[in-house]
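> no FASTA, just this:
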């Protein structure tokens, strides 16, 4: 009897893990090659939330100092720029593996509507940049009271 097995996603994940271990093993592990068709996630990772008063953007920027981050807002476009300096290694040191991105980055996020750029605030805590972008007063929902006679 002939049985045809279709690999499941879990078995493909197992194969992927085995290939990763193969490339990372040995006396001088190779840097893991990029998989065909896959791109690394954009840096920094962002979350964008909206409530009735505005938008909140959180960006993971571990190891950054607030002074090297530039934030600009133009109508509905938020841009975050920065640069991480490459880690210093001794000249005689060999790098075996690196995953932490370094160099200049720029992320631009188009928001669903323009914001009040004069009231944008930003804070930085434990490697997380939080940007608060208030909606203009005319875009905020307004509660209309009902009068009785």
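Perfect, thanks for sending it. None of these values were measured; they are calculated from a predicted model.
> how close does the most centrally placed residue in the chain sit to residue 136?
Nearest residue to the geometric centre of the chain (CA atoms, centre = their mean): residue 45, 1.0 Å. To residue 136, residue 45 is 28 Å away according to CB to CB, to the nearest Å. For glycine as for every other residue, the C-beta is placed from the backbone atoms N, C-alpha and C.
> about what we covered before: the residue nearest to the centre of the chain against residue 59, yeah?
Yes: between residue 45 and residue 59 there is a contact under CB atoms under 8 Å: 7.1 Å.
> in the protein, which spans are strands?
Per DSSP state E, the chain carries strands over the ranges 46-50, 54-60, 70-74, 77-84, 103-110, 121-125, 128-134.
> I'd like those written out as TSV, with mean neighbour count added.
Formatted as TSV, these follow (neighbours: other CB atoms under 10 Å):
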stretch	mean neighbour count
strand 46-50	13
strand 54-60	18
strand 70-74	14
strand 77-84	17
strand 103-110	12
strand 121-125	12
strand 128-134	18
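> okay if I get the ones you listed as a markdown table plus mean pLDDT and distance to residue 90?
Output for the strands of the chain, formatted as a markdown table (pLDDT from 0 to 100; distance: least, CB to CB, whole Å):
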| stretch | mean pLDDT | distance to residue 90 |
| --- | --- | --- |
| strand 46-50 | 94 | 35 |
| strand 54-60 | 95 | 29 |
| strand 70-74 | 95 | 32 |
| strand 77-84 | 92 | 20 |
| strand 103-110 | 90 | 21 |
| strand 121-125 | 95 | 31 |
| strand 128-134 | 96 | 32 |
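> quick one: contacts for residue 48?
55, 56, 57, 109, 111 (CB atoms under 8 Å, 6 or more residues apart in numbering).
> Which residue comes closest to the fourth one once chain neighbours are left out?
Excluding the flanking residues, the one nearest residue 109 by CB to CB, 6 or more residues apart in numbering is residue 78, at 4.8 Å.
> Nice, that's everything, thank you.
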